[in-house]
Each structure stands twice: as structure tokens, then as C-alpha cells.
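**Q** Got a sequence here, can you build the structure:
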Amino acid sequence: MNVARSFNNWRKYRQTVAELGRMTTRELDDLGIGRGEIRNIARAAIGR
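**A** Model prediction:
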């Protein structure tokens, strides 16, 4: 079960990074997110 949870967390992290990474800097600014914060936000999305 732990392996499945880790895999799902990894997938959610990668998906979040990819989605935010595709946004323009202006779109990220509108959300109050700096490009350098994307990985931290993705980690927070999986509860780490």
C-alpha cells in the first residue's frame, strides 16, 4: 500500500509541476505564484 501511495503522490507532484510550468509568467503572477515556487507548491499539494 505504501508503494502505491508513493507512486500516486509522485504522479500528483509531477502533474502539478507540469500544469503550473505550462502557465505564462503573467498567469502565475495573477495567481500570486512565482516561477521559483512551483516545486514547493507541488510538494504542498501532496501534503509534504
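
**Q** Give me the residue at the spatial middle of this structure.
**A** The residue lying closest to the centre of the chain (CA atoms, centre = their mean) is Ala42, at 2.5 Å.

**Q** Dihedrals phi and psi, that residue?
**A** Torsion angles at Ala42 (phi, psi; degrees, to the nearest 10) stand at phi -60, psi -40.

**Q** List the contacts of it.
**A** Ala42 sits next to 12-14, 16-17, 20 when contact means CB atoms under 8 Å, 6 or more residues apart in numbering. (Each C-beta comes from the backbone N, C-alpha and C, glycine too.)

**Q** Mark which of those residues are buried, thanks.
**A** Buried members of the contacts of Ala42, counted by 16 or more other CB atoms under 10 Å: 13, 16-17, 20.

**Q** What is the most widely separated pair among these?
**A** Tyr13 and Leu20 (11.1 Å; CB to CB).

**Q** got the buried residues for the longest helix belonging to the chain?
**A** In the chain, taking DSSP state H as the definition, the longest helix is helix 2-22. Applying a neighbour-count criterion of 16+ other CB under 10 Å, one finds 13, 16-17, 20 buried in helix 2-22.

**Q** Need the pLDDT of Gly47.
**A** Model confidence at Gly47, given as pLDDT, is 88.

**Q** Name the SS class of it, please.
**A** With DSSP: H, G, I helix; E, B strand; the rest coil as the basis, Gly47 sits in coil.

**Q** Distance of it relative to Arg22?
**A** According to CB to CB, to the nearest Å, Gly47 stands 23 Å off from Arg22.

**Q** pLDDT weak spots in the chain?
**A** For the chain, the stretches flagged by pLDDT under 70 are 1.

**Q** isn't Asn9 right up against Ala44?
**A** No. Between Asn9 and Ala44 there is no contact under CB atoms under 8 Å: 11.9 Å.
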